[in-house]
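Chemist: From the sequence below, what's the structure:
(one chain, ligands or ions: 1)
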Amino acid sequence: MKNIVVGLDVGGTSIKAGLFEGNRLVLREKRATPKQQGAQGVLDHLTQTVWRLLEKAGAQREDLRGVGLGVPGPVRGGVCLRAVNLGWENLPVAKLLQEGMDCPVLIANDANLAALGEASAMERAPKNMVLVTLGTGIGAGLLQNGRILEGRHGLAGELGHMIMVPHGRRCTCGRSGCLEMYSSGRGLAQNYSELKGEPMEVKDLMGPTNPLRQKALDKGARMLAQALANVANVVDPEVFVLGGGVMEGFPELLFMVRTHYERFALLKAKEIPVIRAQLGNEAGLYGALELVLKNTPGPQRFPGRPPIKRSRHKAGAAKRRSREPSSPPRPTD
Ligand SMILES: [Zn+2]
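Modeler: All right, here's what the predicted structure looks like:
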């Protein structure tokens, strides 16, 4: 058995792991992140996870082609520059893990890795793509020429901290008016709180439609659409992909974002499709597979029917409109 790849997606609360044979995800597991054991404790846990999955799959250590790893913070050249949730700073993760595993270890920011995974799930993998993940906060991954764009300081793709409102809401980054404060789960709840005049949470936005709830969602959608239109002017991607818990919780957001986006986008950028992510919380694992396949000797693709749901990202704007409800949301300027 050769061409075994293990993907690891390290978060502040849990670590997701998956073992691939070729391009098939055959084993998965999710365990709590042992943060209290410090950086070395987490790294040891990751190594143990890899050995455990190999054993479960009945594979040998020499069958391991590589390990791909996603971390919740900026990455540059195999070094995790900062991961607040894990208490890591300038940690040479790839090098440290590689010493114990004797196989290539490749790391990337988790949102970038998810972008790589989502791209690989499409019928024609886009070379230039932007993935935006809407959860409690906002993450984004940028692919340029099929590769992750890290940037000089590992900050490429920090869409959540684009300033959308001068002197706006105070952000966790210490500045004000960032996109995350309006369009993330927390941001949508704040939109609703301001409209209702009392503190609201994301879960209060669920349930039966009412005009204020729609207005709160629409504000978040409009801000995100503005941000995407601005990003289109900088990187002009083939496709925007939206994922994360907020997109799953509020499916109507996609149509709202598209409607606003077509209004804000410049010239031909209006035709850039805005689509829903396909892989859910396994995108990072598939991204880890891609990262290893693209950067280690051996086949980059495997024959046979891909195991993951595919989407068409080339659908034109007119075609997309025809599949959507006919009445667009009223903008709330
Ligand atoms: Zn910010």
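Chemist: can we go C-alpha only for contacts and neighbour counts from here?
Modeler: OK.
Chemist: I'd like the next helix or strand past the helix or strand containing L195.
Modeler: Counting by DSSP states H and E, the element that carries L195 is helix 185-196. Beyond helix 185-196 in the direction of the C-terminus, DSSP H and E gives the next helix or strand as helix 211-235.
Chemist: Quick one: list the elements packing against that following helix.
Modeler: For helix 211-235, the packing partners by 3 or more Cα pairs under 8 Å, 6 or more residues apart in numbering; DSSP states H and E come out as helix 180-183, helix 185-196, helix 253-264.
Chemist: In JSON lines: the ones you listed, plus mean pLDDT and distance to I138.
Modeler: As requested, the helices and strands packed on helix 211-235 are exported to JSON lines (pLDDT from 0 to 100; distance: least, Cα to Cα, whole Å):
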{"stretch": "helix 180-183", "mean pLDDT": "96", "distance to I138": "6"}
{"stretch": "helix 185-196", "mean pLDDT": "96", "distance to I138": "9"}
{"stretch": "helix 253-264", "mean pLDDT": "97", "distance to I138": "15"}
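Chemist: next SSE after the helix or strand where G70 lies?
Modeler: Here G70 sits within strand 64-71, counting by DSSP H and E. Using DSSP H and E, the next helix or strand after strand 64-71 towards the C-terminus is strand 75-76.
Chemist: which residues are contacting that next one?
Modeler: L81, R82, I107, A108, N109, E150, R152, H153, G154 (Cα atoms under 8 Å, 6 or more residues apart in numbering).
Chemist: please redo it, this time with the cut-off set to 10 Å
Modeler: 81-83, 90-93, 107-110, 112, 149-156 (Cα atoms under 10 Å, 6 or more residues apart in numbering).
Chemist: Strand partners (parallel or antiparallel) of it?
Modeler: Using DSSP bridges, the strands paired with strand 75-76 are strand 79-83 (antiparallel).
Chemist: Give the rounded mean pLDDT of the partner strand.
Modeler: When pLDDT is averaged over strand 79-83, the result is 91.
Chemist: any idea how far the spatially closest residue to P273 that is not a sequence neighbour lies from V93?
Modeler: Closest residue to P273 in three dimensions, ignoring its sequence neighbours and counting by Cα to Cα, 6 or more residues apart in numbering: V239, at 5.2 Å. Summarising the geometry, the distance separating V239 from V93, computed by Cα to Cα, to the nearest Å, is 31 Å.
Chemist: what residues does the stretch 151-300 of the chain put near the ion?
Modeler: Residues of the stretch 151-300 of the chain found near the ion (Cα under 5 Å from the ion) are H161, C171, C173, C178.
Chemist: who's in contact with the first one?
Modeler: Okay, so that is H161. In this structure, H161 makes contact with 137-139, 171-173, 175-181, judged by Cα under 10 Å, 6+ apart.
Chemist: sorry, back to before: so how many other residues sit close to the residue nearest to P273?
Modeler: 22 (other Cα atoms under 10 Å).
Chemist: Can you give me the pLDDT of the most centrally placed residue in the chain?
Modeler: In the chain, the C-alpha closest to the average C-alpha coordinate belongs to A111, at a distance of 3.6 Å (Cα atoms, centre = their mean). You'll see A111 listed with a pLDDT of 91.
Chemist: Who's the closest spatial neighbour of it, skipping the chain neighbours?
Modeler: What sits nearest to A111 in space, not counting adjacent residues and going by Cα to Cα, 6+ apart, is G141, at 4.9 Å.
Chemist: I'd guessed that neighbour sits against L134; true?
Modeler: No - using Cα atoms under 10 Å, G141 is not in contact with L134; the gap is 11.8 Å.
Chemist: Can you work out which residues contact both of these two?
Modeler: Contact criterion Cα under 10 Å, 6+ apart; residues shared by G141 and L134: none found.
Chemist: ok so, going back, which helices and strands does whatever helix or strand the residue nearest to the centre of the chain lives in pack with?
Modeler: Using DSSP H and E, A111 maps to helix 110-120. Here helix 110-120 touches strand 4-10, strand 64-71, strand 129-134, strand 138-144, strand 147-148, strand 239-243, helix 283-295, going by 3 or more Cα pairs under 10 Å, 6 or more residues apart in numbering; DSSP states H and E.
Chemist: Any chance of those in TSV with distance to R222 and mean pLDDT as columns?
Modeler: Formatted as TSV, the entries for the helices and strands packed on helix 110-120 read as follows, by distance: least, Cα to Cα, whole Å; pLDDT from 0 to 100:
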stretch	distance to R222	mean pLDDT
strand 4-10	31	95
strand 64-71	29	95
strand 129-134	14	95
strand 138-144	15	93
strand 147-148	27	89
strand 239-243	14	96
helix 283-295	26	94
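Chemist: Out of these, the one nearest K196 is which?
Modeler: Nearest of the helices and strands packed on helix 110-120 to K196, taken as Cα to Cα: strand 129-134 at 22.8 Å.
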